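Novice: Fold the following.
(2 chains, ligands or ions: 1)
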Amino acid sequence: MKKIQEEQLENQDIEVRLVIEAIYQKYGYDFRNYSQAHVKRRILNRLNASGMTSLSEMIHEVLYNSKFVDLLLMDLSITVTEMFRDPSFYLALRVEIFPLLKSYPFIKIWHAGCASGEEVYSMAILLKEEDLYSRTQIYATDFNPLIIKQAKEGTYPVNRIKEFAVNYQKSGGKNAFSDYYTTDNESAKLLDSLKKNIVFATHNLVTDSVFAEVNLVICRNVLIYFDRQLQDRVIRLFDDSLPSGGILCLGSKENLQFSSYYGEFNPLIAKEKIYIKKYPL
Amino acid sequence: MAHRNKYEAVVIGSSAGGLHALKRLFLGLDSSFNLPVIIVQHLSADADNYLINILNDLGKLKVKEADEKEEPAKGYAYLAPPNYHLLFEPDRTFTLTIDERVNYARPSIDVLFETAAEAFKDRLIGIIFTGANSDGSKGLKKIKEFGGLTIVQDPDTAEVDSMPRAAIQTASVDHIATIEEIAVILNNLSE
Ligand SMILES: C[S@@+](CC[C@H](N)C(=O)[O-])C[C@H]1O[C@@H](n2cnc3c(N)ncnc32)[C@H](O)[C@@H]1O
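Specialist: As a prediction, this is how the structure comes out:
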């Protein structure tokens, strides 16, 4: 009994690796250093939902059906996000980090792995309320072109607005959240004035190089999906993008502690996973 | 057959009524009990460290929230952070994810149990406690399939019986017992 289970597991793991390899060789998306347990779950969920009978059949679909690959890409992206997610983080930005940026004539911010944009628009609102937006450039990137398209639109189902508004207030919002969108019965569209200084673009943290030199990098809830080696690569990318004194913000369960680049940064607000790049000695 | 030194980790799934159940289990553990314990307790998404502190103060195991990439150690108990799924990698380190809820839950017991079964195979003990849903049944079944030991709190003694009942219906279970009896079983299986 046990032996059969173990052999099945071994074969299943090989097949999952072959699916990932097929995606990589055919489309260039590299999931080989993502969390194995996570990638496997997503692929098996898709297998169940698709009506296919085996992972070998899925490999065929990956190679011959680009529509199916779009689906799989979404499965592997995990684009779950919200506006002002972890309000205490945004409060810390407003109260403790923005004062550091105020002296800069021009501020550049990079949101890496921005998903459908909620986090980016939250930042834009924050900057506006603190009178910094007009001299800020925001780069918002994600590797998934479909999700970047949604981010550009900045339109969200109305049933999410309540949660966003609650988060906004908890994060120290100064106005009514309803000041920032127009709505019909189904969706809420964020104001165009919020989009003015945002550039949305596709960028893959695994395979692309430095995107721009910036003062602040925000990459939240992306690194948890990567293995150690890949996390190191991405932290290095951020290190290369930031000058001394630049700020790096990670997700609430992410940590620089185990990274090879830990020595390059000091925790600034440890609880919120906000780090500052050290000055050379 | 179950014998000492065989097992390398204990996973526990617990929901409504779980705080009390976990406390009673910890109180029943010998001070020499030293298998790593990994717990999914369903909590609200913004729950604080209340449960961790309570269990830690019992002085039996050191209790902390599971960190991503961490490898569980002897003498420690780990709780899945609220609003994250907790998974085991094949190398027995933790992964946290925020994929959609499973069985309306995040963290989901099934997600932890299924990945733990693959990582620990027959060296795992899986336990289902009180709860008002059926999360964990599939995971417990998988633990059994891989040769692990499966234990369920006796539904008649559980604060809320649907989760243990569902587990008993789905998986073939090695022990159905009260919390105090489960503590004794664990003490005997720890080296
Ligand atoms: C869980 S979302 C996080 C969204 C937002 N940052 C937040 O914290 O709410 C993770 C995002 O990372 C993106 N992502 C995953 N792998 C990536 C990669 N290699 N390069 C760039 N983005 C990636 C996914 O497409 C997804 O949108």
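
Novice: what about residue 139, which SS state?
Specialist: Assuming you mean chain A. Assigned state for A:Tyr139: strand (three-state reduction, DSSP: H, G, I helix; E, B strand; the rest coil).

Novice: Which residue, neighbours along the chain excluded, lies closest to A:Tyr104?
Specialist: Leaving out its chain neighbours, the residue that sits closest to A:Tyr104 by CB to CB, 6 or more residues apart in numbering or on different chains is A:Asn215, at 6.5 Å. Heads up, the C-betas are built off the backbone N, CA and C, glycines and all.

Novice: My guess is that neighbour contacts A:Pro105. True?
Specialist: No. Contact criterion CB atoms under 8 Å: A:Asn215 and A:Pro105 do not qualify, at 11.1 Å.

Novice: Show me which of the two is the more surrounded one.
Specialist: A:Asn215 (20 against 5; other CB atoms under 10 Å in any protein chain shown).

Novice: Quick one: residues contacting the residue positioned nearest the centre of chain A.
Specialist: Geometric centre of chain A, nearest residue: A:Gly113, 2.5 Å, by CA atoms, centre = their mean. Counting by CB atoms under 8 Å, 6 or more residues apart in numbering or on different chains, A:Gly113 touches A:Thr141, A:Asp142, A:Phe143, A:Leu205, A:Cys219, A:Arg220, A:Asn221, A:Val222.

Novice: and it, how far is that from B:Asp156?
Specialist: Distance of A:Gly113 to B:Asp156, given as CB to CB, to the nearest Å: 49 Å.

Novice: could you give me the average pLDDT of the one helix or strand B:Gly139 maps to?
Specialist: In the assignment (DSSP states H and E), B:Gly139 maps to helix B:137-145. Averaged across helix B:137-145, pLDDT comes to 97.

Novice: next SSE after it?
Specialist: Next along the chain from helix B:137-145, counting by DSSP H and E, comes strand B:149-153.

Novice: Neighbouring strands of that next one in the sheet, and parallel or not?
Specialist: Strand pairing for strand B:149-153, using DSSP bridges, gives strand B:124-128 (parallel), strand B:175-177 (parallel).

Novice: Is the residue nearest to A:Glu118 when sequence neighbours are not counted part of a helix or strand, or is it coil?
Specialist: Leaving aside its sequence neighbours, A:Glu118 sits nearest to A:Met83 (CB to CB, 6+ apart; 4.4 Å). Assigned by three-state DSSP, the conformation of A:Met83 is coil.

Novice: Name all residues that make contact with A:Met83.
Specialist: With CB under 8 Å, 6+ apart, A:Met83 has these contacts: A:Glu118, A:Glu119, A:Tyr121, A:Ser122, A:Phe164, A:Asn167, A:Tyr168.

Novice: filter those to the buried ones?
Specialist: Burial by neighbour count, judged by 16 or more other CB atoms under 10 Å in any protein chain shown, picks out A:Glu118, A:Glu119, A:Tyr121, A:Ser122, A:Phe164, A:Asn167, A:Tyr168 from these.

Novice: Among the residues you listed, which one lies nearest to the ligand?
Specialist: Distance to the ligand across those (CB to the nearest ligand atom) is lowest for A:Glu119, with 4.7 Å.

Novice: quick one: contacts for that closest one?
Specialist: A:Thr81, A:Met83, A:Arg85, A:His111, A:Ile218, A:Arg220.

Novice: Quick check: pLDDT value at the second one.
Specialist: By that I understand A:Met83. 97.

Novice: do the same with the last one
Specialist: Per-residue pLDDT puts A:Arg220 at 98.

Novice: Count the residues that sit near the residue nearest to it when sequence neighbours are not counted.
Specialist: Of all residues not flanking A:Arg220 in the chain, A:Gly251 sits nearest, at 3.9 Å (CB to CB, 6+ apart). Around A:Gly251 there are 22 other residues, counting by other CB under 10 Å.

Novice: just checking, A:Gly251 touches A:Ile218?
Specialist: No. Contact criterion CB under 8 Å: A:Gly251 and A:Ile218 do not qualify, at 9.5 Å.

Novice: Next up, the contacts around A:Glu118.
Specialist: A:Glu118 neighbours (CB under 8 Å, 6+ apart): A:Thr81, A:Glu82, A:Met83, A:Arg85, A:Tyr156, A:Phe164.
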